[in-house]
Every structure is written in structure tokens, then in C-alpha cells.
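A.B. asks: Okay, sequence plus prediction incoming.
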Amino acid sequence: MSTFFSTFTSPNPLKPKSYLPQNHHFSVKCSATSASLPPSVQTFWKWLNDEKVVSSKSPAKPGMVKEGLGLVAQRDIGRNEVVLEVPKKFWINSDMVLGSEIGRVCDGLKPWISVALFLIREKLREDEGGAYWRSYIDILPEFTDSTIFWSEEELSEIEGTQLLSTTLSVKEYVKNEFLQVQEQVISPNKRLFPFEITLDDFIWAFGILRSRAFSRLRGQNLVLIPLADLINHSASITTEDYAYEIKGAGLFSRDQIFSLRSPIYVKAGQQVLIQYDLNKSNAELALDYGFIESTPDRNTYTLTLQISESDPYFDDKLDIAETNGTKAVQYFDITLGRPLPPKMLPYLRLVALGGTDSFLLESIFRNSVWDHLELPFSRDNEEVICQVVRSACQSALSSYRTTIEEDEKLKGGNISSRLEIAIGIRAGEKKVLQQIDEVFKEKEMELDENEYYQERRLRDLGLVGEQGDIIFWEPK
Ligand SMILES: C[S@@+](CC[C@H](N)C(=O)[O-])C[C@H]1O[C@@H](n2cnc3c(N)ncnc32)[C@H](O)[C@@H]1O
């Protein structure tokens, strides 16, 4: 049985927030000095020294910080200065796993599954062969505050949120992948996996990869880089430049190295931090890493709109939607404080089009239909989209257990980090829903003032006077 099984049940959400890294095997009370480093981190650092990845002159080394482990500057580090470099030999990715003892049984597996199997095996094995990666595996946390590690009680704090359904779907996905790999790879190869591997082990490995693997690198879609994966995130670093890259190891070398730079000037003793991803929503941050930001535009809500297959005009509508870069089922991410996505209103008007307005679906309008739908098309059509969206918002708002005001009161109190995430997520989603509702409420109030397609058309033909009156040619 894995050692982390017992710690899998996460801390009580009502427990006071603690910055101590309780998710690692060790517990340390003070911060950022090498003397306070737990033995496992010291062993890891010695391993890296012995392997010549680092030296006493390295600009940064592991330290205890409020986010758990982190990288602490040993001296002043300039903006864009290289903080560490890790040669390919120390990377853990699917290619490396294919060349390892379990490689022959991992051929054809999804990259993340083979790396997960590798991590779990290195964690659970007790034979001599496990010595090489032991010091790295030992510094990996048992869990993070990612919602995939939350207990049912903790998850009940995000009841009604989109994050809850995403978390449950992700866990279901991991479970299905686990059952499959257990049947096809683990069970038939008892010699390679002579220990029990549980779903919790698999969720642990998934959580490690989601929170620590680097992606979008040259030729590397998923790679764990020991040491570099100690870098923590800072909300106040907003530079979009990548802080890390893969490059050649030198002029006369074919080897590759992973290089991490500091995006800002860091004083000796301070933590080196980077921006993980400016484009991730709070729900994504909570799911991947187990933290959120207070920046308003990290709050999003995804509206799913669709052209119903039972719509008598389904084929025409789908053709128009696809010609304009949308689909039969279309997701629109709405962000707090930002305008609606540009294609959302035309899409909504298209979905709602019917009755006497359906002439617009005729093929002679195919090239101009989307332009017409950029503006209110008819009063009926505009009224329908307002009603549909407002009632969807109100129904979604009624599925949360708390109001925004109740959430605001709880914020800032003596609460656990997970409860803080839960409150931030549910308040954020509700704010976005209210914002959407507000937009369509205003549109409802403008229904009588809008100019619709027919009026625009008459005006274009010169048939509407300055005051909006229709010009008739009276017989003289
Ligand atoms: C790449 S690891 C960084 C090393 C990690 N702190 C550790 O102790 O091993 C990413 C994890 O660090 C923690 N973390 C990083 N930045 C954070 C932040 N700004 N606030 C809270 N936790 C953070 C989260 O647990 C996240 O899943």
C-alpha cells in the first residue's frame, strides 16, 4: 500500500489556513534557509550536486516557502538571468520511460499514462534499482490543493459550480484510464509491478503531472524536469515571455538542456517565481495547481449553446454556423469584466431564428446572413434570446448554496486554503452569471428602441425619413 494513501483524505476545510507544507512527508517550521531544509530535500540537492547539475555557485536552490518547496535565490539574480539548467538525462518524459525497464510494456500508451506508471513504480518499489530516482520521488508532495484531491465534504463547498462537474469528469476519466491500464499493463506484468497499485496512486501521479509537468516546449508535450519543477507561481508577474526553454547544451554538443530564467530581478534570499499561465481561468488554476488568483478576469463561466437537432432549419443553421467558425454545439467562455465573445450574439440569434424571420435562412442570403445577425434582427428574435439567456443564468444561479454576499462575508476569515478556493470559485462564477444576466436585462429594456432588420433595410433603400417615419409616395 502506498504511503500517501492515508494522507489522500485532505485537510479539513474548516481548519485554519496553514502555510506549512503539510502535503510533503516532512514538516518544517521556519522558512528559506538551507539549514531548515528537510533531509529529503538535502539528499535531493546532494544528488544534483553529485550529478553536476548544480554547484555551490548555483544562483538558486530549494527552500521552504509558503507554497511548500520553492526556489530561493542564493545571490541577487538579474532579470532574464538563467536560474538553473537541467540536462536531458534528468528529464522524465514518455521517451525516457520507453527506454526504461517498463518501456516494453508502455509502447502505445498515452504519454501521460506511461509517465504516471513510471512515477508510481519508482515511488512504490523497494528494490535497489529504485535508488536513482528515489531522492526526486521523495521530494514530490503527497497531494496539492487541486480539487482532484478534495474530499466529498470539501467538494460540497463548490456545489453548483462548473468546477465541480469538471473535477468529477476528470476523476472519472482518470479512473477509466486506470482500470484499462490495470487490466492491460499492470496485472499481466506482476514482475515489473510486484506491488498493489490503486486508483489513488494513479490520481496522485495525474495530480503531479498536472501541477508540475512543463508543456508547449520544443518537441516536448509533457515533461517533468526535476529541480525546475520547484518553481512557484506569482500573480504579480504578468510578462507573457516564457521563462523557460529547451536549447542546445553548447556549441559542440548535441545534447539538450532545459533552461529556466527569472522574469524579474530577485534579491538574494527571495524566492524566484514565474507566471504559470496568463490564460488559465481560476477554475483551471484550481484544478491543475490548487490555487486561484483574485484578479477579476481569471473568473469565467462557459455557456454551452446549441442548434437543436429537432429544429426544422437544423441543416441550414448548421451550414451558416460552420461557415462562420462555430459548431452545432458551441462553447462560449465569458470572462468577468469583459465583453461577450464576439460570435455569441450572432450565434444566439441564429439559433433562435424562426417563424417569419426564417426567410433569412434561404440560400440567397448565405453570404450576408452572419452580418445581419451581428445586429438585432427582429423584436421577436431579440426577445427570445434575452429570455433564454436570462432564464439559463437564473437557473444556474439558483443551484449554488450561497449568495455572493454570503461568500464575501466568509472571505478573509480564518479558513483553510481549500475553502478559500471554493469560495473564490463559486463567488467568481456567480459574478459572471450576474454580469451575463445584466447584459441581457439591458437588451430587454432596449427591445422597443432597437432598429431591426426590416427598418435597416427600408432605410438602406431610402424609404425611412430622418425621424424614422416611413416615406410614402402619395398620389398627387
Ligand atoms: C510546480 S509545483 C512547485 C513546487 C511546489 N511548491 C512543491 O512544494 O513541490 C506547483 C505547485 O506548487 C504550489 N504553488 C505554486 N505556486 C503557488 C501559489 N502562488 N500559491 C499557492 N500554491 C502554489 C501548488 O501546490 C502547485 O500545485
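C.D. replies: It's in.
A.B. asks: For Ile139, see how far away Leu37 is.
C.D. replies: Distance of Leu37 to Ile139, given as Cβ to Cβ, to the nearest Å: 10 Å. (Glycine included, C-beta is placed from N, CA and C.)
A.B. asks: which residues do the two both contact?
C.D. replies: Here Leu37 and Ile139 share the contacting residues Pro62, scored by Cβ atoms under 8 Å, 6 or more residues apart in numbering.
A.B. asks: next one: the longest helix seen in the chain to chain centre, how far?
C.D. replies: If you go by DSSP state H, the chain has its longest helix at helix 417-445. Helix 417-445 sits 18 Å away from the centroid of its parent chain (Cα atoms, centre = their mean, to the nearest Å).
A.B. asks: helix or strand right after that helix?
C.D. replies: Later in the chain than helix 417-445, the nearest helix or strand by DSSP states H and E is helix 453-460.
A.B. asks: How far off centre is that following helix?
C.D. replies: On Cα atoms, centre = their mean, the centre of helix 453-460 falls 45 Å from the chain's centre.
A.B. asks: residues of that helix that come out buried?
C.D. replies: Tyr453 (16 or more other Cβ atoms under 10 Å).
A.B. asks: Help me confirm that Thr167 is found in a strand?
C.D. replies: No: assignment of Thr167 by DSSP: H, G, I helix; E, B strand; the rest coil gives helix, placing it outside any strand.
A.B. asks: Not counting sequence-adjacent ones, nearest residue to it?
C.D. replies: Thr147 (4.3 Å; Cβ to Cβ, 6 or more residues apart in numbering).
A.B. asks: Verify the contact between that neighbour and Ser156 for me.
C.D. replies: No: the criterion here is Cβ atoms under 8 Å, and Thr147 misses it with Ser156 at 11.9 Å.
A.B. asks: When the two are compared, which one has more neighbours?
C.D. replies: Thr147 (28 against 13; other Cβ atoms under 10 Å).
A.B. asks: Quick one: the helices in the stretch 251-400 of the chain, in order.
C.D. replies: 282-288, 314-323, 344-352, 369-373, 379-398 (DSSP state H, counting those that start in this stretch).
A.B. asks: Throw those helices into a markdown table and include distance to Thr166, thanks.
C.D. replies: Output for the helices of the stretch 251-400 of the chain, formatted as a markdown table (distance: least, Cβ to Cβ, whole Å):
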| stretch | distance to Thr166 |
| --- | --- |
| helix 282-288 | 6 |
| helix 314-323 | 25 |
| helix 344-352 | 21 |
| helix 369-373 | 31 |
| helix 379-398 | 15 |
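A.B. asks: Phe118 is nearest to which of those?
C.D. replies: Proximity to Phe118 (Cβ to Cβ) singles out helix 282-288 among the helices of the stretch 251-400 of the chain, at 20.4 Å.
A.B. asks: can you give me how far that closest one is from the chain middle?
C.D. replies: Worked out by Cα atoms, centre = their mean, helix 282-288 lies 5 Å from the chain centre.
A.B. asks: Go ahead and name everything in contact with it.
C.D. replies: For helix 282-288, using Cβ under 8 Å, 6+ apart, the contacting residues are 145-148, 161-163, 166-167, 170, 210-211, 276-277, 280, 291-293, 298-300, 421, 424-425, 428-429.
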